[in-house]
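> Build me a structure from this.
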Amino acid sequence: LLTGSSDGTVRIFDGLLEPNDEISREKPSLISSFVAAPDIVTDKRYSSGLVLEFQQCGGQLIAGGNAKVIRCWDVATEKCRNTFESKSDASLTALTTAWDYDHNDGYSGLGPDIIVAGYGNGSLRIFDSRSSNKGNPLYINEGIGHHGLSSRRRKYSEFDEHTSWIVDVSFTTYGGRHEIVSGCVSGSIKFWDLRYSSSVRTIDHKMQMTALAAHSNVPMFATGSPAQFIKIMSHDGMTQQVIRYHEKISGQRIGPVSCLCFHSHMPFLAAGFADDIVSLYAPREAVI
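Residues are numbered from 1 along each chain as shown. Got it, this is the predicted structure:
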């Protein structure tokens, strides 16, 4: 378990699970703690605080937020592997990597080194954590060309279609599409193929949005609103379900939605609200 605080410090805990994968009854132990974003600014009125992307299987942590620099850390050694200038005066508000880890095949997608960052002004920026020259264009391998050589196409590294604070960026592999899903406060949700200079499709949420999560393997995403509801939607923009009340608390309306997260493989959704309640949702026939 990795936690982060507004001063840029991260802490890593172990001992949450027993060897048989059951939840441990013992108190988790702190195994590491360091400052992942030493230059983070905390005195701004509109601040994103600390933003993290943790790749637990590979031990890589990407840290940014209300700072000018994005840092890539090796968690095992607590050493910074690479840094990138944010190239934006706005705060970094969301991070993801363009891949999906698979225990059998390693990963699917562009790879764990391709970083997608969203900012408070609505822009998206793409970085490669392996790059030593931040000014070079990014490339993607596209298989074998006509002459038996691996062909590469330039990947665009900046997108500016959103007009407000980026709520979330996620990577989805459904249907072999390998797309980035992004959403902003004004309610615009966009799907991106990083080989192209513009989004491939846009869905209008039609209301202000404070949270967004896209499932990596199932064609659905969830949006959260300050108007106290969650929408479950398909990739074609159809609304599958609207959640307005806590099922286990009779008659109680959910609070303004602050965060959403899907399970990596199962159709389970976790939601956090401004009234300090956290809820877990699953299909009615599922057993948790």
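> And the pLDDT for the closest residue to P226 other than its chain neighbours?
Once flanking residues are discounted, P226 sits nearest to P256: 4.4 Å by C-beta to C-beta, 6 or more residues apart in numbering. All C-beta atoms are positioned from the backbone trio N, CA, C, and that covers glycine. Listed pLDDT for P256 reads 95.
> Tell me how many other residues surround P256.
15 (other C-beta atoms under 10 Å).
> Now do the same contact list for it.
T210, S225, P226, A227, Q228, F273, A274, D275 (C-beta atoms under 8 Å, 6 or more residues apart in numbering).
> is it true that the third one touches V185?
No: using C-beta atoms under 8 Å as the test, P226 is too far from V185 to be in contact (9.5 Å).
> ok so I31 is a helix residue?
No: looking at I31 with DSSP: H, G, I helix; E, B strand; the rest coil, it is strand, so not inside a helix.
> got a pLDDT number for the closest residue in space to it that isn't next to it in sequence?
Leaving aside its sequence neighbours, I31 sits nearest to D14 (C-beta to C-beta, 6+ apart; 4.8 Å). The pLDDT attached to D14 in the predicted structure is 91.
> Also L61?
95.
> quick one, what contacts it?
Contacts for L61 (C-beta under 8 Å, 6+ apart) come out as L2, V10, A36, L52, E53, F54, Q55, C72, W73, V75.
> That one: what secondary structure?
strand.
> Across the sheet, point out what pairs with it.
Beta-bridge pairing of L61 under DSSP bridges involves F54, W73.
> For the residue nearest to I31, the count of nearby residues, please.
With other C-beta under 10 Å as criterion, D14 counts 12.
> Can you tell me how far it is from S24?
D14 is 10 Å from S24, where distance means C-beta to C-beta, to the nearest Å.
> next one: R71
From R71 to S24 the distance is 31 Å (C-beta to C-beta).
> before we move on, back to that, more neighbours: which of P226 and V185?
Neighbours were counted for P226 and for V185 using other C-beta under 10 Å; V185 has more, 19 against 16.
> and that one, what does it touch?
By C-beta under 8 Å, 6+ apart, the contact set of V185 is S164, W165, V167, Q208, M209, T210.
> try 6 Å
S164, W165 (C-beta atoms under 6 Å, 6 or more residues apart in numbering).
> Could you do G4 as well?
Here G4 is in contact with V10, L50, L52 (criterion: C-beta under 6 Å, 6+ apart).
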